[in-house]
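>>> turn this into a model:
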Amino acid sequence: MTTPRAFIARHGETEWSLNGRHTGTTELSLTKNGEARIRATGKALVGDDRLIVPSRVAHIYVSPRNRAKRTLELLNMGCKDTLPWHDPSQPPPDKDAIRCDAKVQVTQDIREWDYGDYEGLTSKQIKEQRKEKGEGDWDIWRDGCPGGESPDDIIHRLDRLIGDIREQYHKQAIGKPTSDETAQKQDVLVVAHGHILRAFAMRWIGKEFTEGVNLILEAGGVGTLSYEHHSIDEPAILLGGAFVVDLAS
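Here you go, the predicted structure:
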């Protein structure tokens, strides 16, 4: 029976992610090492016998930040359509390279947390700044960011996106035989950023940010979300899954 998955991929390394600086709206390129690592991730995890099977991906959501867009390019999903940020007048992809016919959607719902006054600062700098002002310790999951987004702001847009994924792609496929036509394309891929994807995973399983769910997603990392018991009402974080391999009879 089919159990859809949502793959979450954090963009590759940038100079600011390397230095621990909070990067929300600032546009930064991937480092040379960051690009190399994403290419390696694509080769290791994307393919017909890999974790992410392009032909089974129904939809791809990507943050509007350039570092996320570049990460999707380097994962080499083999998308049939021209990526939304590419020049539509350019020749279409080579037919032999097409592996995925999922629509790619650039959406503000999965942009990074708006850090407001804390943009470009490290956690240490933020805490020192707050101490100088006589403010208490800082926890983004509880306090949000002055001049930026609150936890409630994040919950609102992520819950909307998760609802969209379940209603449009997962609800119609979950629990059906793998031979069923609707089960052939049922996974989604979300390419975005560290804080917002950690928040996405918490909201996926219905957790409040203050419930103490400690999650880490390294730059260039990939996580998997799914469901228990083939039930749309039992969302889960998939700690580890088997790769899909078609065995010769």
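>>> tell me the contacts of Arg157?
Shown here is Arg157, whose contacts under the criterion Cβ atoms under 8 Å, 6 or more residues apart in numbering are Gln108, Asp109. For every residue, glycine as well, the C-beta is placed using N, CA and C.
>>> show me where this protein dips below the pLDDT cut-off.
Low-confidence regions of the chain, defined here as pLDDT under 70, cover residues 243-249.
>>> which residue ranges of it form strands?
Secondary structure of the chain (DSSP state E): strands located at 6-10, 57-62, 103-106, 187-192, 222-227, 235-237.
>>> how about those strands in CSV, adding distance to Arg166?
What follows is these, written out as CSV (distance: least, Cβ to Cβ, whole Å):
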stretch, distance to Arg166
strand 6-10, 9
strand 57-62, 12
strand 103-106, 16
strand 187-192, 10
strand 222-227, 9
strand 235-237, 8
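>>> can those go into TSV with extra columns for distance to Asn19 and mean neighbour count?
As requested, these are exported to TSV (distance: least, Cβ to Cβ, whole Å; neighbours: other Cβ atoms under 10 Å):
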stretch	distance to Asn19	mean neighbour count
strand 6-10	16	25
strand 57-62	24	23
strand 103-106	27	17
strand 187-192	20	26
strand 222-227	23	20
strand 235-237	28	16
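>>> which among the ones you listed is found nearest to Lys207?
The closest approach between Lys207 and any of the strands of the chain, judged by Cβ to Cβ, belongs to strand 235-237 at 9.9 Å.
>>> and the closest one, what does it pack onto?
Contact partners of strand 235-237 among helices and strands, from 3 or more Cβ pairs under 8 Å, 6 or more residues apart in numbering; DSSP states H and E: helix 194-204, strand 222-227.
>>> nearest approach to Ile126 belongs to which of these?
Distances from Ile126 to each of the helices and strands packed on strand 235-237 were compared using Cβ to Cβ; the shortest belongs to helix 194-204, at 13.1 Å.
>>> could you list every helix and strand that the closest one packs against?
Under the contact rule (3+ Cβ pairs under 8 Å, 6+ apart), helix 194-204 is packed against strand 6-10, helix 151-165, strand 187-192, strand 222-227, strand 235-237.
>>> just to revisit the earlier point, who wins for proximity to Glu13 among the helices and strands packed on strand 235-237?
The minimum distance between Glu13 and the helices and strands packed on strand 235-237 falls on helix 194-204, with 11.0 Å, by Cβ to Cβ.
>>> alpha carbons of that closest one, in PDB - could you do that?
Taking C-alpha atoms only, helix 194-204 is exported to PDB below (Å, rounded to 0.1, in the frame of the first residue of the first chain):
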ATOM      1  CA  GLY A 194      17.200  25.600   8.200                       C
ATOM      2  CA  HIS A 195      14.800  27.200  10.600                       C
ATOM      3  CA  ILE A 196      11.700  27.100   8.400                       C
ATOM      4  CA  LEU A 197      12.200  23.400   7.600                       C
ATOM      5  CA  ARG A 198      12.700  22.500  11.200                       C
ATOM      6  CA  ALA A 199       9.500  24.400  11.900                       C
ATOM      7  CA  PHE A 200       7.800  22.600   9.000                       C
ATOM      8  CA  ALA A 201       8.700  19.200  10.400                       C
ATOM      9  CA  MET A 202       7.300  20.200  13.800                       C
ATOM     10  CA  ARG A 203       4.000  21.400  12.300                       C
ATOM     11  CA  TRP A 204       3.900  18.300  10.100                       C
END
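>>> and the angle for that helix with strand 6-10?
Using axes from the mean of the first three to the mean of the last three Cα atoms, to 10 degrees, the interaxial angle of helix 194-204 with respect to strand 6-10 works out to 160 degrees.
>>> cheers, nothing more for now.
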